[in-house]
Every structure is written in structure tokens, then in C-alpha cells.
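Undergrad: this one's sequence-less:
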């Protein structure tokens with residue numbers, strides 16, 4: 001097929017483009033700006049756009065379809081041309097549905113943990129030579145691309161609640177119609193799309209109701225009050241909690257069959273994710289013993305509580321955490337593993353929600369177990385003008401809070417970090433204004 005990608009530079013968009021190219025389709029793409037790793041990946045496979053920006057001349061009637069990404073606007077000239085001449089236009093979730101509708105579809109949803117749960121499942125399947133297609137939100141060591149479509153009978157999909165495209169404002173995960181659904185938890189986020197808690201919860205009710213109607217299986221975290229209340233009478237749903245564990249010499253061991261299984265991950269949230277992944281693997285015919293044997297080597301997904309630098313008595317971690325629940329879970333995980341070390345939590349305000357003055361107070365309890373908190377605001381962001389130091393300090397209410405709105409000051413703090421019985425935790429869904437963290441540690 002001849003397929004054109006509008007806004008090809010996104011993480012999933014460029015990964016899908018590469019996979020379709022490798023599968024023999026004629027793929028083109030466009031975007032106004034493309035950053036690494038997408039740029040390098042597209043160049044490597046010979047499908048980096050020839051020109052910057054948008055060019056409606058590339059939209060012709062001989063295209064089989066256009067796949068449009070979220071970065072495109074409604075007035076995008078290529079989109080307008082495709083609509084005018086009647087080319088088939090799909091969001092990537094719509095494309096994945098068309099591709100997978102005759103397969104067994106396992107969808108991992110939830111406000112947090114989606115990428116980790118999906119990664120854990122794929123890690124175990126890969127070790128045990130079980131073939132599956134997949135759609136994943138972040139890279140893991142054992143996989144070369146975020147998307148794999150090899151026409152297997154099974155597909156594992158990380159399902160996002162954010163809207164599908166500029167012309168399709170339904171949540172992505174509603175397109176997938178799962179046979180098996182995991183919901184890790186529901187904590188209000190994406191307030192630019194879901195302005196109220198009720199509207200956010202309704203998105204999850206929609207996908208849950210669809211699975212209930214089709215009599216599919218649902219796995220959910222038991223201590224999530226919304227999910228527990230909504231699913232308590234559903235006979236095809238099963239709840240999970242984290243398994244028993246202990247920490248010894250800064251390693252987490254889970255208890256199974258009178259054995260202690262060492263893990264390379266840590267934190268209550270990751271042990272909850274592990275249980276969700278286990279339920280899916282059991283559903284796929286993998287025994288509990290094989291699952292635990294396989295999961296020992298799982299190191300996590302990129303930027304999900306990943307170790308940047310280890311010193312004699314200190315560590316620097318990087319995490320994608322950006323919402324209140326994710327920040328809380330990540331902070332608590334590091335503090336639990338190293339209870340005797342001082343913890344400095346450096347958090348970048350980056351998302352639309354975090355720049356909303358009415359939403360900021362949701363972070364009040366996220367840093368309770370931090371000994372020191374740095375909040376960084378990129379001064380180049382227009383949204384930052386609405387957030388004052390007073391608003392931040394009033395919302396977070398931490399006794400040792402430092403607010404940084406200058407990149408030079410952040411660089412200075414990183415340079416001055418002294419590894420002496422302390423840990424530094426860097427959290428952002430952004431890049432801290434493009435800083436290369438490896439330069440500092």
C-alpha cells in the first residue's frame with residue numbers, strides 16, 4: 001500500500017511508519033519539526049521527509065491511506081487536501097484496529113503503569129519465544145521498535161485515554177475493542193481533554209462497558225476506589241494487589257513457593273504492575289513459575305525509574321513521572337529502597353495539567369517523602385507565565401522547596417550535586433530544557 005503519515009515525528013507515529021516500511025509498504029511522511037530519536041530512526045530506514053513542513057502536493061489520489069498524528073492541526077494543508085479529494089484518513093488507533101480486528105487483543109490501560117505492564121508482558125513472551133504483535137509506549141532492551149506488526153494471532157496494545165487525532169476526539173483505547181483489558185488505576189489527568197474528574201472517569205467507563213458487553217476479561221487494581229466500585233458486580237473481572245516482598249541490601253525480593261525471587265525493579269507501583277502482567281501471562285498459558293523465572297531479568301522501560309548513575313552511597317534516577325499519582329509513586333519507591341538516604345526530588349512542570357493553577361494542589365502530597373524538592377519551570381514555555389513561585393509553594397507546601405525558572409540555575413544545581421548518602425530523582429515527561437543528563441553524572 002501507499003501510506004502517508006501527517007506528523008510522522010511522534011514516538012508511535014514514526015515507529016509505526018518504520019514497521020509498515022519494513023513490511024513492504026511504500027511510506028512517506030511529513031512534519032514541521034522532528035527530534036531524535038525519531039529523526040535518526042527515520043533516516044536509518046530511508047523514510048525521513050525530504051522537505052521540512054507541510055506540502056499538500058504529496059497528497060494524491062493514488063494514496064491508499066493517510067495516517068494522521070496528534071501534532072497536526074485541523075487546518076493542516078495536507079489534511080485539508082486529503083479530505084477534499086477523498087483519501088482514506090485514519091488515526092493510528094483506527095489503523096491498529098483495522099489491522100488487528102481478527103486477532104486476540106490485549107489492551108493495557110490506566111492513568112499510570114501502562115508502559116511498564118505492557119513491557120513486562122512482552123519481556124516474558126519474548127524470553128519464552130511466544131510470538132505477538134505489539135504497540136508499546138517506550139523502548140525496552142529486548143525490543144528494537146515500539147511497534148511490531150508481523151501478523152501474529154495475538155497483539156498486546158498499550159492503550160492511551162488521550163484523544164485519537166485532531167479529527168477524532170475519542171480516546172485512543174476505545175478503538176481497540178479488547179478481548180482482555182487491564183486497568184492499572186484511574187487518577188485524573190489530561191485536564192485539557194477531560195476538564196472534570198467525571199469526564200475522565202467516563203472515558204474509562206466506556207472501555208470497561210465495552211469489554212463487559214462482549215464478555216471479555218478485565219483485570220484491575222483492587223485498591224483503586226473508582227475501579228473497585230464500578231467493577232464489584234462484574235463476574236468477568238478480577239482484581240490484583242502487589243505480592244509479598246522484602247528489601248535486603250537494596251534489592252527487592254518477592255516471595256513465591258517458599259523461594260525469594262530477586263528483581264531488578266522496585267517500588268510498590270512496579271510490584272502492582274508485575275501482578276497485572278502476571279495475570280495476563282497466566283491467561284496466555286504461561287505458568288506462574290515460568291513467569292517469575294522470566295521476570296527476574298526485566299530492567300524496566302526507558303525513563304521509567306531508570307538508574308542514571310550509581311555512586312558508593314548515592315544514586316541518580318530518571319523517571320517519566322509527570323502526574324500527581326506518578327510522582328507520588330516514584331518518590332515513595334526511591335525512599336522505600338533507600339530509607340536512610342536523603343532524597344532530593346527534582347520535578348519539571350511540563351504538561352498542560354501541571355501548568356493549570358487549579359490543578360497544582362493535586363501535587364500537595366506527592367513530595368511528602370522527599371527531603372528536598374526542586375521544581376523546574378522552563379522559562380521559554382508560554383504557559384509558565386501563569387505559574388508564579390507563590391502558587392507553586394502554596395500548592396506543594398514543602399518545607400524545603402526550591403523553585404527554579406532559569407536553565408543556568410538548574411545546571412549549577414546539577415553540577416553541585418554531591419553524592420554523599422543522598423539520592424537525586426529527576427522527574428519529567430519533558431527534557432529539562434534539552435539538558436544532557438549524562439554530562440552531569
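TA: On my side now, so go ahead. Note that the coordinates shown come from a computational prediction; the quantities given were computed from them, not determined experimentally.
Undergrad: Any stretches of the stretch 301-441 of the chain with poor pLDDT?
TA: Where the stretch 301-441 of the chain drops to pLDDT under 70, the residues are 382-385.
Undergrad: Just the terminal-to-terminal distance for stretch 141-160.
TA: 22 Å (Cα to Cα, to the nearest Å).
Undergrad: Buried ones in that stretch, by neighbour count?
TA: For stretch 141-160, burial by neighbour count (16 or more other Cβ atoms under 10 Å) applies to 143, 145-149, 154-160. (C-beta placed from N, C-alpha, C; glycine too.)
Undergrad: which ones among the residues you listed are found in strands?
TA: With strands taken from DSSP state E, the overlap with the buried residues of stretch 141-160 comprises 147, 148, 154, 155, 156, 157, 158.
Undergrad: Quickly name whichever of these is closest to residue 117.
TA: The closest of these to residue 117 turns out to be residue 158 (Cβ to Cβ; 8.3 Å).
Undergrad: Pretty sure residue 110 is one of the things the closest one touches, is it not?
TA: No: in this structure, residue 158 is not within contact of residue 110 by Cβ atoms under 8 Å, at 9.9 Å.
Undergrad: need the helices for the stretch 51-200 of the chain, in chain order.
TA: 77-85, 92-100, 114-127, 197-213 (DSSP state H, counting those that start in this stretch).
Undergrad: now the ones you listed in CSV, with mean neighbour count, distance to residue 233 and mean pLDDT?
TA: Formatted as CSV, those follow (neighbours: other Cβ atoms under 10 Å; distance: least, Cβ to Cβ, whole Å; pLDDT from 0 to 100):
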stretch, mean neighbour count, distance to residue 233, mean pLDDT
helix 77-85, 17, 44, 97
helix 92-100, 19, 29, 96
helix 114-127, 25, 25, 95
helix 197-213, 16, 10, 95
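Undergrad: Okay, domains of the protein per the record?
TA: 2-87, 95-295, 306-439 (automatic domain parsing).
Undergrad: Stretch 375-387: end-to-end distance?
TA: Start-to-end span of stretch 375-387 (Cα to Cα) is 12 Å.
Undergrad: same deal with stretch 224-244?
TA: Stretch 224-244: ends 19 Å apart by Cα to Cα.
Undergrad: Just give me how far it sits from the chain centre.
TA: Its chain's average C-alpha position is 22 Å from that of stretch 224-244, according to Cα atoms, centre = their mean, to the nearest Å.
Undergrad: buried ones in that stretch?
TA: 224, 226, 227, 230, 231, 237, 239, 240, 242.
Undergrad: Which ones among those map onto strands?
TA: Filtering these for strands - DSSP E - leaves 237, 239, 240.
Undergrad: Ok, which of the helices of the stretch 51-200 of the chain comes nearest residue 378?
TA: Residue 378 lies closest to helix 114-127 among those, at 23.7 Å (Cβ to Cβ).
Undergrad: follow-up on the earlier one: in JSON lines, list the helices of the stretch 51-200 of the chain along with distance to residue 56.
TA: Formatted as JSON lines, the helices of the stretch 51-200 of the chain follow (distance: least, Cβ to Cβ, whole Å):
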{"stretch": "helix 77-85", "distance to residue 56": "4"}
{"stretch": "helix 92-100", "distance to residue 56": "21"}
{"stretch": "helix 114-127", "distance to residue 56": "35"}
{"stretch": "helix 197-213", "distance to residue 56": "33"}
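Undergrad: those strands in the stretch 301-441 of the chain, which residues are they?
TA: Applying DSSP state E, counting those that start in this stretch to the stretch 301-441 of the chain gives strands spanning 306-310, 315-319, 342-349, 372-377, 401-404, 422-427.
Undergrad: From the contact counts, what lies against the fourth one?
TA: It stands for strand 372-377. strand 342-349, helix 389-396, strand 401-404, helix 407-415 (3 or more Cβ pairs under 8 Å, 6 or more residues apart in numbering; DSSP states H and E).
Undergrad: could the ones you listed go into a markdown table alongside mean neighbour count and distance to residue 258?
TA: Listed next are these as a markdown table, based on neighbours: other Cβ atoms under 10 Å; distance: least, Cβ to Cβ, whole Å:
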| stretch | mean neighbour count | distance to residue 258 |
| --- | --- | --- |
| strand 342-349 | 22 | 34 |
| helix 389-396 | 15 | 44 |
| strand 401-404 | 18 | 46 |
| helix 407-415 | 15 | 45 |
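Undergrad: Any idea which of the ones you listed gets closest to residue 291?
TA: Nearest of the helices and strands packed on strand 372-377 (Cβ to Cβ): strand 342-349, 31.8 Å.
Undergrad: dump the residue contacts of residue 167.
TA: Counting by Cβ atoms under 8 Å, 6 or more residues apart in numbering, residue 167 makes contact with 68, 74, 79, 89, 91.
Undergrad: who's in contact with the fourth one?
TA: Right, residue 89. 65, 66, 67, 68, 79, 82, 83, 167.
Undergrad: Relative to residue 363, which of the helices and strands packed on strand 372-377 is closest?
TA: Nearest of the helices and strands packed on strand 372-377 (Cβ to Cβ): helix 389-396, 5.6 Å.
Undergrad: Distance from the chain centre to the closest one, please.
TA: 27 Å.
Undergrad: Run through who's touching that helix.
TA: Taking Cβ under 8 Å, 6+ apart as the rule, helix 389-396 contacts 349, 357, 360-361, 363-364, 366-367, 373, 375, 401, 403, 405.
Undergrad: redo that, cut-off 10 Å
TA: Contacts to helix 389-396, defined as Cβ atoms under 10 Å, 6 or more residues apart in numbering, come from residues 347, 349, 354, 357-367, 370, 373, 375, 377, 387-388, 398, 401, 403-405.
Undergrad: circling back to that earlier point, of all the buried residues of stretch 224-244, which two lie farthest apart?
TA: Longest span within the buried residues of stretch 224-244, Cβ to Cβ: 230 and 242, 21.1 Å.
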